[in-house]
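Trainee: Predicted model, plus sequence, below.
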Amino acid sequence: MRQVRGIMASSMFVIAVFLVQGCGLRWWWGSAGQEELAQEELIKEPAIQEIPPDDAQLTDSRTSPTMRSELLARNSTGLPLGILDDVLFDFDQVTVRMDAMRVLEADAKQLQQDRVPGLLLEGRGDEFGTSTYNLVLGERRAKNVKAYLQELGLSVDIQTTSYGKDRPLCFVHTSECRQRNRSVHFVVR
């Protein structure tokens with residue numbers, strides 16, 4: 001019986017030493033390890049290296065006519081057509097382009113002039129890459145547009161969301177349509 005107690009005591013001691021060492025290492029690495037974890041992507045998706053060539057085998061649309069009309073109704077801005085322009089992005093990029101800055105300045109003036117109370121910025125991606133990758137890309141695009149609008153002094157309630165590639169603005173498999181889907185779309189609330 002003494003031998004069993006001795007083995008159990010030794011085992012408990014070894015386990016306690018490992019636990020203390022583990023805690024000590026965590027204390028030693030402390031905030032540096034936390035910062036590295038915070039800077040890592042939560043969703044690991046490889047970057048898209050190049051735009052695939054147009055595929056002639058693809059159909060004209062990825063959605064049924066019924067779904068297409070529903071999406072078009074949801075995609076309306078809440079203002080007359082042509083009042084607010086979408087902010088377009090380069091392939092696989094989240095940086096607001098120079099031409100998009102001019103669009104944002106005009107949109108901000110219009111929103112201030114119309115005294116819009118709230119705004120939803122819908123970030124999107126094109127059909128390349130996974131849904132998860134495009135959701136993250138769309139969210140980053142929307143947040144960058146929000147930050148720029150706030151820098152311009154737009155003082156309305158601005159919310160962001162991302163639809164990635166799952167709720168396209170354009171349904172045809174062309175470069176013009178893909179460019180339109182690589183955007184942030186304004187919805188007035």
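Mentor: Thanks, I have it.
Trainee: the domain parsing of this protein - what is it?
Mentor: Following automatic domain parsing, one gets these domains for the chain: 1-40, 65-188.
Trainee: In terms of mean pLDDT, which of these ranks lowest?
Mentor: Of all those, mean pLDDT reaches its minimum on domain 1-40 (a mean of 47).
Trainee: if we look at the helix or strand where residue 145 lies, which residues are touching it?
Mentor: Element membership for residue 145 (DSSP states H and E) is helix 131-151. With contact meaning CB atoms under 8 Å, 6 or more residues apart in numbering, helix 131-151 is reached by 41, 43, 45, 48, 87, 89, 92, 94-96, 101, 104, 107-108, 119, 121-126, 129, 158, 160-166, 183-184. C-betas here are computed from N, CA, C, even on glycine.
Trainee: buried set for that helix?
Mentor: Within helix 131-151, the residues scored as buried using 16 or more other CB atoms under 10 Å are 133-146, 148-149.
Trainee: Quick check: next helix or strand after that helix?
Mentor: Taking DSSP H and E, what comes next after helix 131-151 is strand 157-164.
Trainee: Now do that following strand and helix 131-151, the angle between them.
Mentor: For strand 157-164 against helix 131-151, the angle by axes from the mean of the first three to the mean of the last three CA atoms, to 10 degrees is 160 degrees.
Trainee: For the next helix or strand after strand 157-164, C-alpha coordinates in PDB please.
Mentor: Downstream of strand 157-164, the first helix or strand assigned by DSSP H and E is helix 175-181. Written as PDB, here are the backbone C-alpha positions of helix 175-181 (Å, rounded to 0.1, in the frame of the first residue of the first chain):
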ATOM      1  CA  SER A 175     -14.800  41.400 -66.100                       C
ATOM      2  CA  GLU A 176     -17.200  44.400 -65.900                       C
ATOM      3  CA  CYS A 177     -19.600  42.400 -63.700                       C
ATOM      4  CA  ARG A 178     -16.800  41.100 -61.500                       C
ATOM      5  CA  GLN A 179     -15.500  44.700 -61.000                       C
ATOM      6  CA  ARG A 180     -19.000  45.800 -60.000                       C
ATOM      7  CA  ASN A 181     -19.100  43.000 -57.400                       C
END
